[in-house]
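Engineer: here is my input; please provide its structure:
(chains A and B)
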Amino acid sequence: MAGDVTVRLPDGSSKTLAGGTTAHQLAQSIGPRLAKAAVAATVDGVEFDLDRPLPDGAEVALVTADSEAGRAVLRHSTAHVLAQAVTDLWPGAHYAIGPSIAEGFYYDFALPGGAHFSDADLARIDARMRAIIAQDQPFTREEHSIEEGLTLFADQPYKAEIIERVGADHELSEVASGDLAPGTSGVSVYRNTEGFVDLCRGPHVPSTGRLGHFALLRVAGAYWRGDEHRPQLQRIYGTAWESAKALTEHLHRLEEAERRDHRRLGAELDLFSFPAEVGPGLALFHPKGGLVRRLMEDYSRQRHDEAGYQFVTSPHITKADLFETSGHLDWFADGMYPPMELDDGQKYYLKPMNCPFHILVYRSRQRSYRELPMRLFELGTVYRYEKSGVVHGLTRVRGMTQDDAHIFCTREQMAAELQSILGFVLALLREYGLDDFYLELSTKPPGKAIGSDEDWAEATDVLRSVAGDMGLRLELDEGGGAFYGPKVSVQAGDAIGRYWQMSTVQLDFQLPQRFGLEYVGADNARHRPVMVHRVLFGTVERFFAVLLEHFAGALPTWLSPVQAVVLPVRSENQLYADQVVEALRGAGLRAQCDPADDKLGARVRRHKLDKVPYVLVVGDDDVASGTVGVNRRGAGRAERGVAVGAVVDMLVRQVAEHRLPEQAPGDRAPGDRAPGDRAPDGGVGR
RNA sequence: GCCUGGGUAGCUCAGCUGGUAGAGCAGCGCACUCGUAAUGCGCAGGUCAGGGGUUCGAGUCCCCUCCCAGGCUCCA
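Structural biologist: The predicted model follows:
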């Protein structure tokens, strides 16, 4: 029939439909469930509203709400409703951009008179949004010229700025806000019944009634266009999901992340603190935290020893000259503590990096090619003057210890060396229970780098090819390199799916040149070595934090500050309990006794909350038969009557093998709370 | 550095519109000697982050500083 259109579906089949058929009608023709789940469609790879007619010959796929693309549509549409609610409640408010993001959305506003949002406002906005959703207002798309767009948004300066930018650049395929129609010289807007109109590329759900499983989370300040020289806007963050269940699960994940927060665990488990008297970003490690740190550091030293690294040590401060030569004072001065002036006005700096010192070790005498690759390693404590707003627990501090190595090698050796470094790094991270990795390649930072483009290109190519051989996903971080060279970083996923930057490997042609490094080759001529900068944990502090969160505080037995606690059931069992502790200690284990001054249940609970891997209970039966009751962390029930020798052997083996916990999370009773928490009051979250 | 919100006992928090502080847990003491996630009673503990101001009187109102949280920017 004339005017029919034929479209192809993802399964390869074709469907012929009456001309003007929309994606929604197509979905209905396939099935009511699909029609209900669909929130948008892709037409030849471009996202479309459901009510737009399908062109003939198109490849059409329906986007359902339970896909990532579908959630993005839900979130973006929810952001529109948020903006509508805010403009309802604050007439004259300017709205800027409101994209969907990884697990939610945000919208930026400038309120009249410079007003700002409060938590109470969030509740009001939430209520208004729900009213809009209840009205099931349709989202209607319109397309306008640039000029019409400017008229439409005459009183919305941020929207006008976006439109002007589109007008100035027709080729603009996408803007950060995601608000514009790609490849067009006009703009599209979406309108709903109450007259709210927003600049938007789309697509949107057909009507607000399709939304509703959302939560507004927090308000924050954010610079317009992310530029700290531009006005600061009021941002509202929220999340939205396809179902109440998905929303609830997401909120639970947020609670879980909060429960695992290393700052919280650090205080609860008495590992470290940040006294205000010391200063922001400067941690104090308590005996238990210090012990864990030492275990990690000792093991790191052992592995580096085995891998052919040589150990060096360098001071914490140095004269300015060194950082002038290295270029740090030109390129990194913002990140350094200001100098102290000593002697005759001589400037000394706290070191922000270890590399210049290791370079001087290399340069202390003439080097032969026979010495290369030369791998210098140091647990080097560095200080960086981080802006006050960025310090965060142990993951972003001002004083930190890097497990830092600098490898000097020939150009011929560098590919193999990089490969072996990455292999070494990944192997060690796996031993700590991290096994979900991807790599990130960071390239030359625009405007703040030393060295020629050719050198950067070569270094970047080598890193890319070596990284590509690791069999891991490789992502590009354009412009994210250090000032002296590109880097590959290892991003490790933790137990709840968050990724942390751990190790970085940087290839550097510049510092060897600036410091005039040489080696004498087999040809008896002088050559310039290449340098590789490498951290493995990144910093001991950050790695500690990541491990704590990954294991939810339940560190593997070999890293646990206390590996076993022995509980005599009653005081008459004390002597035997002491003997069990002695047996454990004699085998090199960290064990202690908790005498029967308290109920057994209370003591068990206390040490479980302390995440002690093994709680051993000894009563009359055990005294008689030389056994203990074993309550293993993470296990549901205790095991009775295990021979002392067997327990000692089992623990020794576990520690020697650095065995990982079989079950990291969930070693607390449901609904359980940390010491010091208030009694449950039925409220959700905080 | 910027924005917003905070800072009350070791921890988690309560304290209405100003009338000089309160709970739970932790700590200490006493009693209880108990077989696997909270025994009871008692005691002690706070220059309400620090400084200045308004006031007869400030945890509470105002200003400054410090620190923390969530963001922005930046980054290991």
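Engineer: near RNA strand B, which residues of the stretch 451-600 of chain A are found?
Structural biologist: Counting by CB under 7 Å from any atom of the strand, the stretch 451-600 of chain A comes close to RNA strand B at A:480, A:482, A:489, A:501-502, A:504, A:535, A:538-539, A:541-542, A:569-572, A:596-600. (Glycine included, C-beta is placed from N, CA and C.)
Engineer: out of those residues, which sit inside strands?
Structural biologist: Those of those mapping onto strands are A:489, A:501, A:502, A:504, A:535, A:538, A:539, per DSSP state E.
Engineer: show me which of the residues you listed are buried.
Structural biologist: Those of these that meet the buried threshold are A:489, A:502, A:504, A:535, A:538, A:539, by 16 or more other CB atoms under 10 Å.
Engineer: what about residue A:534, how many neighbours?
Structural biologist: Residue A:534 sits with 27 neighbouring residues when counted by other CB atoms under 10 Å.
Engineer: try residue A:10
Structural biologist: Residue A:10: 10 surrounding residues under other CB under 10 Å.
Engineer: let's verify it: helix, strand, or coil?
Structural biologist: Of the three states, residue A:10 takes coil according to DSSP: H, G, I helix; E, B strand; the rest coil.
Engineer: so the nearest residue to it once chain neighbours are set aside: helix, strand or coil?
Structural biologist: Of all residues beyond its chain neighbours, the one nearest residue A:10 is residue A:61 (4.7 Å), with distances taken as CB to CB, 6 or more residues apart in numbering. Secondary structure state of residue A:61, per three-state DSSP, is strand.
Engineer: okay, now the unreliable bits of chain A?
Structural biologist: Along chain A, segments meeting pLDDT under 70 span A:1-2, A:119-120, A:167-185, A:194, A:662-686.
Engineer: walk me through the domains of it.
Structural biologist: Split into domains by automatic domain parsing, chain A comes to A:5-64, A:69-257, A:272-314+A:369-550, A:554-686.
Engineer: distance to residue A:339 added to these, as JSON lines?
Structural biologist: JSON lines is the format used below for these (distance: least, CB to CB, whole Å):
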{"stretch": "domain A:5-64", "distance to residue A:339": "54"}
{"stretch": "domain A:69-257", "distance to residue A:339": "26"}
{"stretch": "domain A:272-314+A:369-550", "distance to residue A:339": "11"}
{"stretch": "domain A:554-686", "distance to residue A:339": "38"}
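Engineer: so residue A:323 sits right up against residue A:329, yeah?
Structural biologist: Yes: between residue A:323 and residue A:329 there is a contact at 4.8 Å, judged by CB atoms under 8 Å.
Engineer: any shared contact partners between the two?
Structural biologist: residue A:336 (CB atoms under 8 Å, 6 or more residues apart in numbering).
Engineer: looking at the ones in strands among the residues of the stretch 451-600 of chain A next to RNA strand B, which is nearest residue A:405?
Structural biologist: The nearest member of these to residue A:405, counting by CB to CB, is residue A:535 at 7.5 Å.
Engineer: for that closest one, which non-adjacent residue is spatially closest?
Structural biologist: Closest residue in space to residue A:535, ignoring its immediate chain neighbours: residue A:402 at 5.0 Å, by CB to CB, 6+ apart.
Engineer: tally up the residues packed near the one you found, please.
Structural biologist: 23.
Engineer: distance of the nearest residue in space to residue A:453 that is not next to it in sequence relative to RNA strand B?
Structural biologist: Closest residue to residue A:453 apart from its sequence neighbours, by CB to CB, 6+ apart: residue A:444 at 7.7 Å. Separation of residue A:444 from RNA strand B (CB to the nearest atom of the strand, to the nearest Å): 12 Å.
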